[in-house]
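> Pasting a predicted model and its sequence here:
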Amino acid sequence: MARITFLGATGCVTGSKYLVEADGKRLLVDCGLFQGNKELRLRNWDRLPEDPAQFDWVVLTHAHLDHTGYLPRLVRNGFRGPIFANPATRELCGILLPDSARLQEEDAAHAEEGGYSKHKPPLPLYTEEEAQAALDRFQEMPRTGPFTISPQFSVRQHDAGHILGSASLELTITENGSSTVVLFSGDLGRYDQPILKDPEPPPRADFLLCESTYGDRDHPTDSPFDALTEVISRVTKRGGMIVIPAFAVGRTQTLMYVLRQLEDAQRIPHLPVYIDSPMAISVTDLYLRHHEDHDLQFSREESAGDPLNAHNVHLARTAEESKQLNNINTPCIIISASGMATGGRVLFHLVRRLPDPRNAVLLAGFQAEGTRGRALLEGAKILRIHGEDVLVRAEIIELRQFSAHAGRAEILRWLAGFPAPPRQTFLVHGEPAAASTLQAAIQSHFGWLVTLPVYLQSYDLNT
Ligand SMILES: [Zn+2]
């Protein structure tokens with residue numbers, strides 16, 4: 001009998017990992033890092049309840065680290081099978097996983113210098129070499145059409161509209177001559193957004209795993225163009241700088257696209273924008289190579305005008321270039337990882353910029369419980385960074401107009417597209433309040449059976 005075990009993303013928004021077993025074979029769907037509070041982060045150091053050497057395959061919904069960032073650890077702990085990903089996801093992982101390793105190595109080195117780590121000596125969860133070993137196991141699966149993994153498992157992707165390459169995975173499990181379909185929503189994007197396509201309507205499924213990040217909230221409906229214009233003019237008028245915790249790929253392009261449009265419409269000045277990342281890249285080429293994943297209409301020739309870059313963009317690759325950003329005293333925008341301020345170079349910018357009330361920190365992504373980003377949103381007056389207390393005097397701004405996740409009404413709109421009710425729906429990838437609010441909403445809108453799985457719980461997937 002087929003079974004599914006929830007190895008992450010239960011009661012939290014990180015660590016997505018679902019083990020599906022059928023006919024003695026084991027398929028892991030997503031392999032994410034736990035992020036956020038300490039209890040969650042410590043899970044990254046635990047042994048998995050099942051030996052990764054016994055897993056046969058991994059298949060990915062999209063490249064974000066909370067869905068892929070555990071892969072180097074999985075391979076280090078004995079996984080030897082292929083990791084299936086579509087071309088855009090594979091390419092993004094080629095950027096993200098080594099970058100994640102470098103950030104962890106930089107953080108460990110910095111912790112050793114500062115003497116504030118709990119490990120002695122401080123260790124990175126994995127190294128760049130180990131990230132490379134995981135990348136060597138990647139195999140491309142086509143973006144469309146059915147893809148057969150084995151006699152037991154085949155998958156079909158449906159565009160989830162969340163980032164380049166993001167998909168909901170329709171997994172068909174065949175055992176003893178009968179088939180069961182499990183749909184993994186992956187992270188769901190939004191409708192009518194710039195750049196990315198709308199989430200595709202879901203196919204029929206026996207079982208559904210649905211994300212619930214914003215299951216208890218709708219996003220503001222005002223235009224991201226107006227919201228950003230207002231923030232930029234307010235902050236620059238008082239001579240402040242804007243720090244945006246974000247990774248260099250994904251939401252950053254939506255921000256850049258909107259900035260560019262606003263600049264061209266002369267609604268905002270051409271501010272310097274610094275992308276501060278060890279692997280800072282100009283990603284326009286990435287979007288040119290993956291036309292199938294977005295609805296931007298531009299060709300290589302047109303990209304000379306570069307709709308995905310503000311006019312005055314600078315990339316800071318080295319630690320030295322990053323440090324030099326500390327000397328800037330005129331209005332600018334600094335984009336730097338990590339997106340929830342859990343680590344990485346953005347911490348140095350926060351130390352430098354938070355004490356000045358002219359500045360602003362713009363939070364555009366979901367901020368998980370236990371992260372510095374969440375503390376800022378909740379009005380913390382002091383933030384502990386690198387073992388020191390930093391005064392928070394800068395303005396903290398949440399711009400959920402730029403969220404890459406469906407809000408509550410958008411999740412319900414997607415669910416309304418099911419041709420028939422799934423027999424059982426599991427809500428994952430949401431904090432407890434979000435998941436239980438969405439559970440109640442689904443039950444009252446559709447009358448479905450909705451379950452909130454807990455960590456390491458298994459369910460039979462009866463045919
Ligand atoms: Zn995601």
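Alright, I've got the coordinates. Here the structure is a predicted model, which is why all the values come from computation and not from measurement. Numbers count the residues shown, from 1 in each chain.
> Please make it C-alpha for all contacts and neighbour counts, starting now.
Will do.
> Pull the distance from stretch 365-372 to the chain's centre.
Taking C-alpha atoms, centre = their mean, to the nearest Å, one finds stretch 365-372 lying 12 Å from the centre of the chain it belongs to.
> Tell me which residues are up against it.
Contacts to stretch 365-372, defined as C-alpha atoms under 8 Å, 6 or more residues apart in numbering, come from residues 12-13, 35-38, 213, 246, 251, 339-342, 373-374, 383, 400, 402-404.
> cutoff 7 Å now
13, 36-37, 339-342, 373-374, 403 (C-alpha atoms under 7 Å, 6 or more residues apart in numbering).
> Buried among those residues? Make that a PyMOL selection.
Buried subset of these, written as a PyMOL selection, criterion 16 or more other C-alpha atoms under 10 Å:
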select buried, resi 13+36+339+340+341+342+373+374+403
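> Please produce TSV containing the contacts of stretch 365-372, extended by secondary structure and distance to Glu395.
Compiled in TSV, these are given as follows (DSSP: H, G, I helix; E, B strand; the rest coil; distance: C-alpha to C-alpha, whole Å):
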residue	secondary structure	distance to Glu395
Val13	coil	26
Gly36	coil	22
Asn37	coil	24
Gly339	coil	17
Met340	coil	16
Ala341	coil	16
Thr342	coil	19
Gly373	helix	13
Arg374	helix	14
Ser403	coil	19
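> mind putting the contacts of stretch 365-372 in a markdown table, distance to Met1 included?
Output for the contacts of stretch 365-372, formatted as a markdown table (distance: C-alpha to C-alpha, whole Å):
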| residue | distance to Met1 |
| --- | --- |
| Val13 | 29 |
| Gly36 | 35 |
| Asn37 | 36 |
| Gly339 | 40 |
| Met340 | 40 |
| Ala341 | 43 |
| Thr342 | 40 |
| Gly373 | 43 |
| Arg374 | 41 |
| Ser403 | 39 |
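> okay, the contacts of stretch 365-372 in CSV with distance to His445 and pLDDT next?
Below are those laid out as CSV (distance: C-alpha to C-alpha, whole Å; pLDDT from 0 to 100):
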residue, distance to His445, pLDDT
Val13, 24, 96
Gly36, 32, 88
Asn37, 33, 87
Gly339, 34, 91
Met340, 33, 93
Ala341, 37, 94
Thr342, 37, 89
Gly373, 33, 97
Arg374, 31, 97
Ser403, 24, 92
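> quick one: which of the contacts of stretch 365-372 is nearest Ile4?
Val13 (18.6 Å; C-alpha to C-alpha).
> Surely that closest one and Ser212 touch.
No: using C-alpha atoms under 7 Å, Val13 makes no contact with Ser212, being 8.3 Å away.
> still on that earlier bit, and the contacts of stretch 365-372, which two are furthest apart?
Spatially, the most separated pair among these is Asn37 and Ser403, at 21.6 Å (C-alpha to C-alpha).
> ok so, going back, from the contacts of stretch 365-372, which single one is nearest Asn312?
Gly339 (22.1 Å).
> mind listing what the closest one touches?
245-247, 365.
> just Tyr191 next, same as before
Tyr191 touches 198-199, counting by C-alpha under 7 Å, 6+ apart.
> hey, where'd the helices end up in the stretch 301-450 of the chain?
319-324, 346-353, 372-377, 408-415, 432-446 (DSSP state H, counting those that start in this stretch).
> Quick one: closest of the ones you listed to His291.
helix 408-415 (23.2 Å).
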